[in-house]
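J.: Fold the following for me, if possible:
(one chain, ligands or ions: 2)
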Amino acid sequence: MKNLIENTIEFVKEKLEGAEAGHDWFHIERVWKLSKKIAETEDCNQEVVELAALLHDIADPKFHNGDETLALKVSRAFLEGENASEEVIEQVLFIIKNISFKNRGEVPENLPIELKIVQDADRIDAIGAIGIGRTFNFGGFKNNPMYDPNVEPKLSMSKDEYKKSNGTTINHFYEKLLLLKDLMNTEKGKEIAGERHDFMLKFLDQFYKEWNVD
Ligand code: ADP
Ligand code: NI
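T.: Ligands and ions are numbered 1, 2, ... in the order given. Sure, this is the predicted structure:
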């Protein structure tokens, strides 16, 4: 298992060379560490948790022309090459396929604990100071406006509208980031998310104060 995890780290680092800063190896490393921390508090298969955390953004559809199957193909080929068991491969692929926020309307019920853990970890990395940094970086990458007081957040977007993401970066807080705290699956996840949520509220207060120069 040690070797498989180490080989996966090498593989992911190489694959994510040059990725947008919010979805690069350091995002994966944080999600992997957060996943391990949450996994300690749950009864779960640690190997599946670690592999899924490491591979979850290996081929994000938004950077691959919307292709939602590429990550699954790439991950399966890698894990087969490492002689992982079919049982482990299937569990890891199920997590990669169903973890995403934008797919939350389509996921099956009774999700496995391993998915819940990695999903919490990925969502925790989307909020707090790191989440703010990632969100502005992504907005800049897309050349979206930072804020426009005349553009209202869209609270119930379809998956396609969400993916187009040409709204403002501040609106992304209302469309996604501030909703994540209440979507946490695990107790540990709730605890970490609560603190980060409060920090985002403070940030927004200060942002509007500075925006509205009087
Ligand atoms: P998921 O992969 O869970 O569906 P996304 O990939 O859409 O979630 O979002 C991951 C991160 O990318 C967000 O937490 C945010 O930091 C950034 N991001 C995504 N969409 C936007 C957007 N429209 N504006 C700013 N940041 C965004
Ligand atoms: Ni991620």
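
J.: Spatially, what comes nearest to the residue positioned nearest the centre of the chain if we skip its sequence neighbours?
T.: The centroid of the chain falls nearest to residue 122 when counting by CA atoms, centre = their mean (3.7 Å). Distances taken as CB to CB, 6 or more residues apart in numbering place residue 31 nearest to residue 122, at 5.2 Å, with adjacent residues excluded. From N, CA and C alone the C-beta is placed, and that goes for glycine too.

J.: Next: residue 197.
T.: That would be residue 181: by CB to CB, 6+ apart, it lies 4.2 Å from residue 197.

J.: before we move on, the earlier item: from what I can see the residue nearest to the centre of the chain touches residue 56, true?
T.: Yes - Residue 122 lies in contact with residue 56 (CB atoms under 8 Å); the separation is 6.4 Å.

J.: which residues are common contacts for these two?
T.: Counting by CB atoms under 8 Å, 6 or more residues apart in numbering, the shared contacts of residue 122 and residue 56 are 31, 99.

J.: just to revisit the earlier point, how about residues contacting the helix or strand containing the residue nearest to the centre of the chain?
T.: Counting by DSSP states H and E, the element that carries residue 122 is helix 113-124. Helix 113-124 has contacts (CB under 8 Å, 6+ apart) with 31-32, 34-35, 38-39, 42-45, 48-49, 52-53, 56, 91, 94-95, 98-99, 101, 111, 180, 183-186, 188-189, 192-193, 196.

J.: Only the buried subset of those residues, as a PyMOL command please.
T.: Applying 16 or more other CB atoms under 10 Å to those, the buried members can be selected in PyMOL as follows:
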select buried, resi 31+32+34+35+38+39+42+44+45+48+49+52+53+56+91+94+95+98+99+101+180+184+185+186+188+189+192+193+196
